[in-house]
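> Prediction below, plus the sequence it came from.
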Amino acid sequence: MNTEGKVTYKYIVYIQFEESKKAYTFGSDVKYYTNDVVVVETVRGQELGKVCVPTVDFDASKVKGDIKPVLRKATQEDIKCKEENVEKAKEAMKICHECVANLKLDMHLISSEYTLDRTKVIFTYVSDDRVDFRQLLKDLAQHLHCRIELRQVGPRNKAKIVGGIGNCGMECCCSRFMSDFDTVSINMAKNQLLALNIQKLSGQCGKLMCCLRFENEEYTRMRKDLPKMNSIVSYQGKKYRISSMNVLQKQAKLENKEEVLFVDFKELWPDKDFNND
């Protein structure tokens, strides 16, 4: 413990949990190695996690506030307990479904999970409105005989937990590798010159697809120094309006009252270098 009263450790250990790709910071006086399964103390209780990178020396600048400890390397008994908890969580889910139905609550259950020591069970749910679950907590406590936590999540978190296949044919990015959600705006779709069809631009969560943000920086770079849509340009001695552009194919659609043309960027703006895009 340092002079400010905060607990410090010899090492910082980065841990990942099954349901998340995000690495969380824990403290330890024992060195651990990548892929070690350990028991850690979290705000939810004791949980199993996996060391995702080699342990590093403690550095206060890398730690925000107090950090929780790694309690020990997981034993076979811990791993067996975790497996048993998965089955018990399924039973708890059935009980919770019945209680929700009996109370006619407007909430959709997604998952249930016991802490390693089984002192608490966490239910995750989605709801459009605020839910009064005071009676639900009482009913669950009578059946499960442990602490109950109900955790509401949004539609993007639901998609991350449930998983699935995106429009691209691959596993949803949120389930595959994302640890946090960034804001995705309709302006990012406009930046890609996409038709603003919200249904086609939305993922399984019903929100704008995360890939719009991933691609936004590159589209911004490719559109740099290009004229805005509906600008008037001269081509072969005639005036045209730019009605659309395909920045990947480097081609513009030009229109006037007499004709419609598809012209390469190089022909329209020969003084610009498009080879390094």
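Structure's in. What do you need?

> And the most far-flung residue of the chain relative to its centre, how far from residue 256?
Among residues of the chain, the one most distant from the C-alpha centroid is residue 237; the distance is 51.5 Å, by C-alpha atoms, centre = their mean. Distance of residue 237 to residue 256, given as C-beta to C-beta, to the nearest Å: 12 Å. No exception for glycine: its C-beta is placed from N, CA and C like everyone else's.

> again with residue 209
Distance, residue 209 to residue 256, by C-beta to C-beta: 35 Å.

> more neighbours, those two?
Each of residue 209 and residue 256 has its neighbours counted (other C-beta atoms under 10 Å); residue 209 has more, 22 against 14.

> Just give the nearest non-adjacent residue to the more buried one, would you?
residue 203 (4.5 Å; C-beta to C-beta, 6 or more residues apart in numbering).

> Let me see the contact set for that neighbour.
By C-beta atoms under 8 Å, 6 or more residues apart in numbering, the residues touching residue 203 are 159, 166, 167, 172, 209, 210.

> which parts of stretch 93-107 are buried?
Neighbour-count burial for stretch 93-107, with 16 or more other C-beta atoms under 10 Å as criterion, is recorded at 93, 95, 96, 99, 100, 105, 107.

> ditto for stretch 57-76
Applying 16+ other C-beta under 10 Å to stretch 57-76 flags 58, 63, 67, 70, 71, 74 as buried.

> now swap in stretch 183-196 and tell me
Quick answer for stretch 183-196 (16+ other C-beta under 10 Å): 184, 188, 189, 191, 192.

> What count of nearby residues applies to residue 243?
13.

> Residue 165 too?
Counted with other C-beta under 10 Å, the neighbours of residue 165 add up to 11.

> Any figure for the gap between the closest residue to it other than its chain neighbours and residue 119?
Nearest non-adjacent residue to residue 165, counting by C-beta to C-beta, 6+ apart: residue 171, 6.4 Å away. From residue 171 across to residue 119, the span is 34 Å (C-beta to C-beta).

> if we can go back for a sec, from the buried residues of stretch 57-76, which has minimum pLDDT?
Lowest model confidence among the buried residues of stretch 57-76 falls on residue 63, which carries 77.

> Roughly how far does it sit from residue 202?
38 Å.

> Ok, residue 72 next?
Separation of residue 72 from residue 202 (C-beta to C-beta): 45 Å.

> just residue 167 next, same as before
9 Å.

> what does residue 88 give?
From residue 88 across to residue 202, the span is 36 Å (C-beta to C-beta).

> So between those two, which is more surrounded?
Legend: neighbour count by other C-beta under 10 Å for residue 88 and residue 202, higher for residue 88 (17 against 14).

> wait, residue 31 sits on residue 11?
Yes - with contact defined as C-beta atoms under 8 Å, residue 31 counts as touching residue 11 (5.8 Å).

> what do the two both touch?
Taking C-beta under 8 Å, 6+ apart as the contact rule, residue 31 and residue 11 both touch residue 55.

> I'd like to know the average pLDDT value across the top helix by length along the chain.
Longest helix in the chain, counting residues (DSSP state H): helix 76-103. For helix 76-103, mean pLDDT is 94.

> and it, what does it pack onto?
Here helix 76-103 touches strand 37-42, strand 45-51, strand 108-114, strand 120-126, helix 134-144, going by 3 or more C-beta pairs under 8 Å, 6 or more residues apart in numbering; DSSP states H and E.

> Sweet, I'm off.
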